[in-house]
Structures are given as C-alpha cells and as structure tokens.
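**Student:** fold the following, please.
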Amino acid sequence: MRWLANLLTGSKIMSRKTALPIVGIFLVAPCALLLPSLAVAADAPVDYARDIKPILASSCYVCHGPDEGKRKAKLRLDVREEALKAAVKPGDSAKSPLIERIVSKDADEVMPPPGAKKPPLTPAQIDLLKRWIDQGAKFDVHWAYVKPVRQAPPAVDGAWAKNPIDQFVAAKRQAVKLQPAPEADRVTLTRRLHFDLLGLPPTPAEVDAVLQDQSPDWYEKLVDRLLASKHYGERLAIYWLDLVRFADTAGYHSDNHRDLWLYRDYVINAFNDNKPFDRFTVEQLAGDLLPNATKEQQIASGYNRLLQTTEEGGAQAKEYTAKYAADRVRNVSVVWFASTMGCAECHNHKFDPFTAKDFYSLASFFADIREKAVGRQDQTPLPTEQQAAHLKALDDQLAPLQQVMARHTPELEEAQRHWELRVQHGQVKGLPKNVLDLLALQVRSRNAKQKQDVEAYFRGIAP
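**Tutor:** Got it, this is the predicted structure:
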C-alpha cells in the first residue's frame, strides 16, 4: 500500500503523515471514480476512450480490429495510422469513408453489413463519430500505457480533506453533491488501522492507550507506532510473496522442500526499512549481477528461483526449460507491468502492444540463470557473518587434521591392502556400490582417480 501512496504523493513507498486506512482508500476512491458519466454535451470534446472506442469495439473490431485471422479488407480501425490510411480524414467527417459506409442506404455498402449480425449504429452514436472526426480524430492509447502526470490536488470547500488523497475524493463527492459519512469513533479507527497495517486486532491495552491520549495528533502517532512494528513488514510482505509465487516447496510432483526463507525475510525487511521501489525491483531481478553485490542483493535475486521446478523421473529437460522461461516472463509482466504477456507465448497479443518477439526477448534475459531443468536444485550457500566466522574456525581446525589424514605411511598402505583382501573374500559388508565397483578392479588397472577414491574411502573408516 505504500506503493499506492507513492503514485499519488511521489514519496518513497509511503509518507507516514499521509497514511490513510487502506480500507478507506479502496472503498471510497473507486466509488468516486466509477460514478456514471453524464451525456457528452454538444460542444464538449469527444473522448476517444470513453465515447468512441466502445462503439468501434462493439460494431467494427470483429472485422477491422486486432484479430489478423478475421480482419477484412486489410483495414484496422484500432490503430490510428491504419485507420487514417483508408477510413478516417481528421477534421472532415463528410469525406471520411468510415462515415460514408455507416450512413449508406446500400445493403452492399453499409457498415456493419447486414450479414454481420450487428445492429446498425444509432443516430447518437453516428453523431459522436462525426464530431470525433471533425475534432481531429484523436486516438488515445489504453489508459494503462499513458505515463502518469502529477496532478495538483483540487481546491475543495470545508475542512474534511486532511491530505491530497482526501482532496481528490472530496472534489468528486462535492461535484455529485454527496455528503461524507460521520467520522468513525476512536476504537473503530484504531481497529481498522491495526488490521490494515498489521493484520492483527489491537489488544485491550492498546485501545485503552489510544483512548487516554488526548493530544491532537493521536492518530499520526498511532500510525507511526504501527509502521515501526516488525509486523508491518510481515503484513505487507504477504501480498508481494503471493504475487511472486513464493513457497517453501518446489511445487511439481512430490513438492519437495526447499530453503527460501532468506528471500522471505528480505521482502519483510524491505517494507520495514521503507526501501525505494526502484531498488526493490533491481535487486530482485538482477541483484546478483550488480557490481560488488552485497549478500542482501544476492538474496533478493532469489526471486528468479521462486518458480515451480520438477524432480520427477522421466521429465524432459528441454520441455521444462521452456516451461521455466515462460513462467518467468508471465510473472515479470504481471507483477511489474501489471499486464499479462502470456498470450504472446504463441502469437502476437491481440489487445496489448506485445509481440511473440517481445515474449522471447524477455525470456532471454533470464537464459543465463544456472539451474537444473529436472532434479533437486543446488543450494547457494549464503551464511550470515556469524555463520561465516564459525565455518572459518572449523576449517582452520580441520586443515592440520586433513594433512595428517592425507599423509602416506607404510602402516596405512598395509592396512588398506589387508582390508581389500577381506572385501574380496566377502568378510566386509555394507559397502557403497561405487566402492565395490572400484574394488572389483585389479589395483594395477585402476587409474589415478580410482586409486584416490578407494584410498579416501578407506581413510574415512580406518581406525
């Protein structure tokens, strides 16, 4: 939710002073935005997305839209450059073939054609199309692809609005002559804020503390206290971990365990530390590629290993390599683009500006990730500072012992010879198959590595 405020206020993830109950944002704002629009006045600018695109999509796109397989006369009305070539003359609806065909009385010329099973356009729809063309036939891209532009909060009457979000809500509310509901009591506000920011109800003692706080900024202090709680990061991390398909098991087949809790903690700490979203993004997608990457950045790039992987015998490696690549593209597009690229795995997307080439170009970004297509994924050691120091101390203790173990002595060589004879006579049981296979070879026929492997095994069990 800090990111929502980031879009509205331009802060890092969220400004504590502009914190609102999350429920309030999502219940009030959409209601204000989704109120029905009024009819377009005769002299008002015609809005392409609101007024024109729905008409074209309903009546024209079946034959003259994004579907290459159904397109007629090589005419596209959903792309401005294509529409202007043959159907629309900006500023002159009277000479635009689009209008000529729509108003034609000739059954062989009129659009939509009688056989299309589409109702003819109404006079109001035709009037909108004419006015749109006469006003310049402006096309708009989908709102999701329009770069956000910071809007100055509107001036509103009264003291109800306490922050920029309130001002936008209040302006729309006043425009449609709606009155705000009375402010909730302190207990209700405290419970809402606890559930929004921590996912937990307040304790009776916490409620009592709020009721006893008579300072005018009691609410801001409560927000600060909850944002400082470690549970805040846990609460917000739930949404992100769901999006990036975090799990402590591999997903496919036997769904075996895997250790990914360091990544989970990275996400929790990112919220608690108010990490800027651009850094949060870079570290997850490519933290391990950053110059002198820190351990935290390496852990963040564990995002790239969150997908389902299989260990099933008989699974085809090339098939699963393709599955993993497609999974990563779909997840990156949904999480960071807020748009699916899944359709482009097989063909150019019909309704979004994604091609099959885009899909596989993005897949190539992840092509150098080292992983097994089939089988248990190798663990990446990432010890803490304390663990690394302990491991070094153990290695320092082992080093002189390993030198002793590796030293050749006549006694050890004689003992190994006797042990091998006992193995050959069946007097030693329970040896690993690979060791038995090596011992089945004559000593003189073993290569250097085979001799070393036999010696290493014996030294591991010799008194």
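**Student:** do a quick rundown of the helices in the stretch 1-150 of the chain.
**Tutor:** Ranges of helices within the stretch 1-150 of the chain are 2-9, 22-33, 53-59, 61-64, 80-86, 97-103, 123-134, based on DSSP state H, counting those that start in this stretch.
**Student:** buried residues of the third one, list them for me.
**Tutor:** Of all the residues in helix 53-59, those buried under the rule 16 or more other C-beta atoms under 10 Å are 53, 55-56, 59. Where you see a C-beta, it was placed from the backbone N, CA and C, and this is true even at glycine.
**Student:** among those residues, which two are most distant?
**Tutor:** Longest distance between any two of the buried residues of helix 53-59 is 11.2 Å, between 53 and 59; criterion C-beta to C-beta.
**Student:** okay, the buried residues of helix 53-59 in a markdown table with distance to residue 105 and pLDDT next?
**Tutor:** Output for the buried residues of helix 53-59, formatted as a markdown table (distance: C-beta to C-beta, whole Å; pLDDT from 0 to 100):
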| residue | distance to residue 105 | pLDDT |
| --- | --- | --- |
| 53 | 27 | 91 |
| 55 | 20 | 94 |
| 56 | 22 | 93 |
| 59 | 17 | 92 |
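**Student:** between those, which is nearest residue 389?
**Tutor:** residue 53 (63.3 Å).
**Student:** what about the closest one, distance to residue 138?
**Tutor:** Separation of residue 53 from residue 138 (C-beta to C-beta, to the nearest Å) stands at 11 Å.
**Student:** what does residue 185 give?
**Tutor:** Counting by C-beta to C-beta, the gap from residue 185 to residue 138 is 50 Å.
**Student:** quick one: which of those two has more around it?
**Tutor:** Set residue 185 next to residue 138 and count neighbours by other C-beta atoms under 10 Å: residue 138 wins out with 14 against 9.
**Student:** contacts only, for the more buried one.
**Tutor:** 48, 132 (C-beta atoms under 8 Å, 6 or more residues apart in numbering).
**Student:** check it and give its pLDDT.
**Tutor:** Note for residue 138: predicted pLDDT of 92.
**Student:** next: residue 36.
**Tutor:** According to the prediction, residue 36 has pLDDT 38.
**Student:** so residue 49 makes contact with residue 144?
**Tutor:** No: the criterion here is C-beta atoms under 8 Å, and residue 49 misses it with residue 144 at 10.9 Å.
**Student:** nearest spatial neighbour of residue 309, chain-adjacent residues omitted?
**Tutor:** Closest residue in space to residue 309, ignoring its immediate chain neighbours: residue 250 at 5.1 Å, by C-beta to C-beta, 6 or more residues apart in numbering.
**Student:** neighbours of the one you found, how many?
**Tutor:** 18.
**Student:** equivalent analysis for residue 162, please.
**Tutor:** 13.
**Student:** same check, this time on residue 60
**Tutor:** By other C-beta under 10 Å, 23 other residues sit near residue 60.
**Student:** is it in contact with residue 77, as I believe?
**Tutor:** Yes: between residue 60 and residue 77 there is a contact at 5.1 Å, judged by C-beta under 8 Å.
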